[in-house]
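>>> Okay, here's the prediction I keep looking at, along with the sequence it came from:
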Amino acid sequence: MTNAYPHNVLSIEKSVQGRRGVKVCTPSCKAEDFLPSKYLRKTQINLPELSEFDTVRHFTNLSRLNFCLDTHFYPLGSCTMKYNPKSYDVLSSLDNFSALHPALPENNTQGTLQIIYELDNVLAKITGLSAFTLQPSAGAHGEFCGALIARAYHASRKDKARTQIIVPDTAHGTNPATAAMAGCEVVNIKSAENGKVDLTELQKALSEKTALVMLTIPNTVGLFEEDILQIADMVHKAGALLYMDGANMNALIGLVKPANMGIDIMHINLHKTLATPHGGGGPGAGAVGVRKGLEDFLPSPRVILKNGKYSFAKKHKLSIGKMKSFYGNIAILIRAYCYLRQLDAKTLPDVAKNAVINANYVRVKLKNYFPAFFDSKCMHECVLTIDKTKMPTVKTLDIAKNLLDKGFHAPTIYFPLIVPEALMIEPTETENKQVLDAFIQALKEIYEKALHTPDVLHDAPQNCPVKRIDEVSAAREPNLRWTK
Amino acid sequence: MFTSNTKEDLTQMLAEIGVKDFEELLPVPQLLRKEGFDLPPALNEQELTAEIKKIAAKNKPLINFAGGGMQEHFVPAAVNALSTRGEFLTAYTPYQAEASQGTLQAIYEYQSCICALFDMDISNASHYDGATALAEACLAATNIKNNKIILYTSALQPNYVEVLKTYFKNAGVKLKEVPLNADGTTDLAQLETLLKSGAAAFILQTPNYFGCLESAEEISSLVHANNALLIVNVNPTSLGILETPGSYDADFAVAEGQGLGNALNFGGPTLGIFTCKKQFVRNMSGRLCGMAKDKDGKRAFVLTLQAREQHIRRERASSNICSNQALCALNATIYLTLLGPEGLKEVALKSLENAHYLQKELCKNGFTLKYKAPFYNEFVVTTKVPAAKLIKAAAKKGFLAGIALAKNELLLCATETNTKAQIDELVNILKEVK
Amino acid sequence: MYNQENCKFSSTHEWAYIENGVATVGISDHAQHEISDIVFVELPKIGAKVEQGKSCCVIESVKSASDIYAPVSGEIIEVNQAAADNPSIVNQAPHGDGWLFKIKISNPDEVKKLLSFEEYKATL
């Protein structure tokens, strides 16, 4: 479909001097009436000058350049791209939620406080942990919060030697980066041949210097750590705490409570497991839960219920402080709360159940095309790879770009690092067999091309608004803003 | 609930997988699956809607005269109409650039609009909020100057100070407070003394927490003369009429961007604006979108300089940040594009006008302006009646009369969303409280 | 300029050209090929003390960040700003204009631990 403007024209390039957009108000003063000129802006404001209609056309046309969940299947491993229910968008933006200033008296915010309190509780019930903070804005933010809690815990016991955080080599980059931000030394341990934690390596790495061991369960290769109870025991015997990166919680929710696995601290990504929209890269939320005995370290303020009234508790002296300026991404929390109110003991297990069946179905159907790197049952995601003996010149990147042409968003590629040419596929439970069959068929067609005409694969995508991008020049000579 | 496989689908799939039932597929030992889940009955959409509306009814929004880091500004309908389109709302992070040109171009335009507003060289794709953006700027400064001391004005927003303390506890960064003059602005003599004993940077806030405008040029010269960096926390809407961080040579300028096109939402989601000078681009954390060309030479947008970030650098990354507040940044971009330079100026002017009218009327009626320094749209009054009592009385009549700073001190704010009638009514209410 | 045959190599793909107690350091042709298009070079600071086998420099491609390890211990006395300004020369001339930094060697015995070009080639 064509339109008057060639694609990818910037708003500033459509700008015409003197055009006015929305008029919000009419002031009847000049800045100089109240302020000495030294405080006033001397430079022009080089923002675009567009009419409202031009602006609406501009951004509407931009939106149409995107793939999105509402239009495309996104089998991104570890991202849990499940359906974002429309009713939650409507409910979370009700005026009575969106118009609240954070400084309002507590009597005026009982509804939102109730949601924060109940969300904390229901997450505790689902995980078996004691209490949650809803302040962190993202998974990585939650990890940082968890690492700070661990450090505060050891500090409270005057155990100053604990400055190391152990992370398996399959970990997402945020894990070691978090450890470094928390002032800790990162100890990487090599995984076993089957992609799971190597108990010998773990034992070697554990010492009186270990503050925390960070694990993703199931791990980033989609496999469950069957030795988790033994791992937890080893970690606790060494005096350290065990952290669970909950990015893959969609495989466990309703089936296993992390507390029963010996987890002390964990985060849950609300924008993954609890279906809140990704928004093109945020806002998300990373709820952090702790077992009994660690509640006092949680960020403040926490919401309490006393005599039927919700309020913010006074800051506990052991609290790590604040992760962000106010109380968390409330509009996101409301959506997550809605999601959990639509599930109960009977229906909650269906989430993980369908997620696991879907992932194994894809794995098995592609066995002779893109084999799983670890040949075993997987959980909610499978990690496939390319058989280099059959297609030596084809890279995972080519597979990804060709999937775009066939109308599917690519899976996660090149992660985890221990799998060469990795394709990490997570269908989620909100996709059905028909969608998966179409995806499997697309991959089979790409496979055939890879066998017989691999060069053609390198040209993909051909059907997207742009083709492969020269990222090298983009990085060598960065152009990060327009100049007017 | 939102699963759509039928029983028949599942049976067929399990057969193709080669297992007789789901239990056979699950690698989790039975021992870990004990206990049920104690949850209330699931609600269908109609029941959920009723329940949420019932909870929402317990909230009582008031007419806002509070600031303190979050300000209510009118959001034109087009902002949400555009940003809640599924193509923006349900899109993923734009790692596959060819399938994400909408999101990517929007980020590039966001970065550009922010640079234009702030007169700064570079903006990233945003941090979680103003406080965490400030923390990241401080960490960058400590790396650049190889010095772990950060000075901050006593008039820095208190919850930002708390976040800095949380972030820096284990990072070995030392925070030192610079006191204020009686007029509500930073004491330059004390600042100079502290600078002389060595610091990586000074954090300035203008307008500051008490609403006062600081002498940014003077402070900037002083800070730079003492080999430190200037980090400034500003109010982005105010830049419609106030001097820009770029014009007084700030090294890093951060802000809470909620006021640009985002609702209050009881404090979140938020938008952490982060800008810096060109030479610090590599010390900057967070996502960056760049303009590039595709292999046909067509203009294209792509996430760039990713090798600074955690997914590549891992423990050597300067931050663990993985995401940005994309949708909030999109709201800000659409808002700025809709309003344009004239529209933004009008919002800032009206906010200035309303705040000064409110202050004048209050001071005619028994309240005293506490600080003499000029202010933009927030100010502090000393009160005869305890501030908490005033807030309670005003709340009963439908008004949020600011933030109590001390027993007899009130921090008030006015924006273009307040009318003269509302201001007059608030003043009448407050002057009657005994 | 710094011909492969006249250089010593580390097993981590750095070369060192030793002359008058100074080691000029760069990455091998194999390394630049593996990293592929280099977009950024994070050079060490002049005056920095480096240790044999420890990372002292980072080379970035679009998708990776590779540590460059000091082949010998000592002090950084010179860096190649041209490589920082134009990273592609490290790909084009890894043994010439793409050199990275110079170390004033503190412990000459350490040079014995390095490989000759032939020995390095054999590891590839």
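Sure, I can see it.

>>> give me the beta-bridge partners of the residue nearest in space to the middle of chain C?
Closest residue to the average C-alpha location of chain C: C:Gly26 at 2.6 Å, with CA atoms, centre = their mean. Judged by DSSP bridges, the bridge partners of C:Gly26 are C:Trp15.

>>> now swap in A:Ile413 and tell me
A:Leu423.

>>> for chain C, what spans make up the helices?
With DSSP state H as the criterion, chain C has helices at C:29-35, C:81-85, C:88-92, C:117-123.

>>> what's the closest of those to B:Asp183?
Closest of the helices of chain C to B:Asp183 is helix C:81-85, at 46.8 Å (criterion: CB to CB). (Glycine included, C-beta is placed from N, CA and C.)

>>> For that closest one, buried residues please.
C:Ala83 (16 or more other CB atoms under 10 Å in any protein chain shown).

>>> what sits against the residue of the stretch 51-200 of chain B found nearest chain C?
Residue nearest to chain C within the stretch 51-200 of chain B: B:Asn146 (9.2 Å; CB to the nearest CB). By CB atoms under 8 Å, 6 or more residues apart in numbering or on different chains, the contact list for B:Asn146 reads B:Ala200.

>>> if we can go back for a sec, how much space is there between the residue nearest to the centre of chain C and C:Tyr17?
8 Å (CB to CB, to the nearest Å).

>>> before we move on, what about A:Gly280?
49 Å.

>>> who's more crowded, the two?
Between A:Gly280 and C:Tyr17, counted using other CB atoms under 10 Å in any protein chain shown, A:Gly280 has the larger neighbour count: 31 against 19.

>>> Could you verify my assumption that that one touches B:Gln101?
No. In this structure A:Gly280 lies outside contact range of B:Gln101 using CB atoms under 8 Å: 11.5 Å.

>>> residues in contact with whichever residue of chain C sits closest to chain A?
Residue of chain C nearest chain A, by CB to the nearest CB: C:Val39 (3.6 Å). With contact set as CB under 8 Å, 6+ apart, C:Val39 has these partners: A:472, A:475-476, B:307, C:60-62, C:87.

>>> repeat for A:Lys125
B:37-39.

>>> pLDDT of the helix or strand where it lies, averaged?
Per DSSP states H and E, A:Lys125 falls inside helix A:110-127. Model confidence over helix A:110-127, given as mean pLDDT, is 98.

>>> try stretch B:350-367
On average, the pLDDT along stretch B:350-367 is 98.

>>> what does stretch A:464-480 give?
Per-residue scores along stretch A:464-480 average to 94.

>>> tell me the contacts of the closest residue to chain B within chain C?
Minimum separation of chain C from chain B (CB to the nearest CB) falls at C:Glu60, amounting to 3.8 Å. Residues in contact with C:Glu60 (CB under 8 Å, 6+ apart) are A:475, B:307, B:312, C:38-42, C:66.

>>> So which residues on chain A come close to chain C?
A:414, A:471-472, A:475-476 (CB under 8 Å from any CB of the partner chain).

>>> Return the subset of those residues lying in helices.
Per DSSP H, the residues of chain A next to chain C map to helices at A:471-472, A:475-476.

>>> Highest neighbour count among those residues?
A:Ala475 (25 neighbours).

>>> Could you tell me how far the helix holding A:Lys125 lies from the centre of the chain?
20 Å (CA atoms, centre = their mean, to the nearest Å).

>>> need the contact list for residue 112.
Picking chain A for this. A:97, A:100, A:330, A:334, B:59, B:266.

>>> Now for the spatially closest residue to A:Leu298 that is not a sequence neighbour: which residues touch it?
Nearest residue to A:Leu298, sequence neighbours excluded (CB to CB, 6 or more residues apart in numbering or on different chains): A:Thr133, at 4.6 Å. By CB under 8 Å, 6+ apart, the residues touching A:Thr133 are A:120, A:145, A:287-289, A:298-299, A:302, A:323, A:328.

>>> Are any of the residues you listed buried, and if so which?
Judged by 16+ other CB under 10 Å, buried ones among the contacts of A:Thr133: A:120, A:145, A:287-289, A:298-299, A:302, A:323, A:328.

>>> Return the member of those residues nearest to C:Cys7.
Among the buried ones among the contacts of A:Thr133, and counting by CB to CB, the member closest to C:Cys7 is A:Cys145, at 48.7 Å.

>>> continuing past the helix or strand containing that closest one, what's the next helix or strand?
Counting by DSSP H and E, the element that carries A:Cys145 is helix A:139-156. Using DSSP H and E, the helix or strand that follows helix A:139-156 in sequence is strand A:164-168.

>>> From the contact counts, what lies against that following strand?
helix A:174-181, strand A:185-189, strand A:210-216 (3 or more CB pairs under 8 Å, 6 or more residues apart in numbering or on different chains; DSSP states H and E).

>>> What ranges does the stretch 51-200 of chain B have for its helices?
B:77-83, B:86-89, B:101-118, B:130-145, B:158-168, B:188-196 (DSSP state H, counting those that start in this stretch).
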